[in-house]
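Participant: I would like to see how this sequence folds:
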Amino acid sequence: MYDQHWLSTSLKQKYNISTLRKTLAEIDAEAEFLPDGTFVVGGQVIGIVYFRAGYTPNDYSSES
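Facilitator: From the prediction side, this is the model:
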């Protein structure tokens, strides 16, 4: 997790880019694609997604 914290801090300090950390379950519950293709999580528009998990079926607890 340390490398994620470093990346998040660097993005904020150098470029004023905020980051948001969510589990796959939280994304499933909170995320949506708007009709225009915009990706929204918890009311925030998301521009870039970086996954640390989700590459194998074992990473998912349900079909959703």
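Participant: and the residue lying farthest from the centre of the chain, how close does it get to residue 44?
Facilitator: Distance from the C-alpha centroid of the chain, by C-alpha atoms, centre = their mean, peaks at residue 14 (20.1 Å). According to C-beta to C-beta, to the nearest Å, residue 14 and residue 44 sit 21 Å apart. For the C-beta atoms, the positions are set from N, CA and C on the backbone; glycine is no exception.
Participant: cool, and residue 54?
Facilitator: Residue 54 is 20 Å from residue 44, by C-beta to C-beta.
Participant: please apply the same query to residue 15.
Facilitator: In terms of C-beta to C-beta, residue 15 sits 17 Å off from residue 44.
Participant: out of the two, which sits in the busier spot?
Facilitator: More neighbours surround residue 44 than the other of residue 15 and residue 44, with 12 against 8 (other C-beta atoms under 10 Å).
Participant: does that one have beta-bridge partners, and which?
Facilitator: With DSSP bridges as the criterion, the beta-bridge partners of residue 44 are residue 41.
Participant: I'd say it and residue 20 touch.
Facilitator: Yes - in this structure, residue 44 is within contact of residue 20 by C-beta atoms under 8 Å, at 6.6 Å.
Participant: which SS state does the residue farthest from the centre of the chain fall under?
Facilitator: For residue 14, the assignment made with DSSP: H, G, I helix; E, B strand; the rest coil gives helix.
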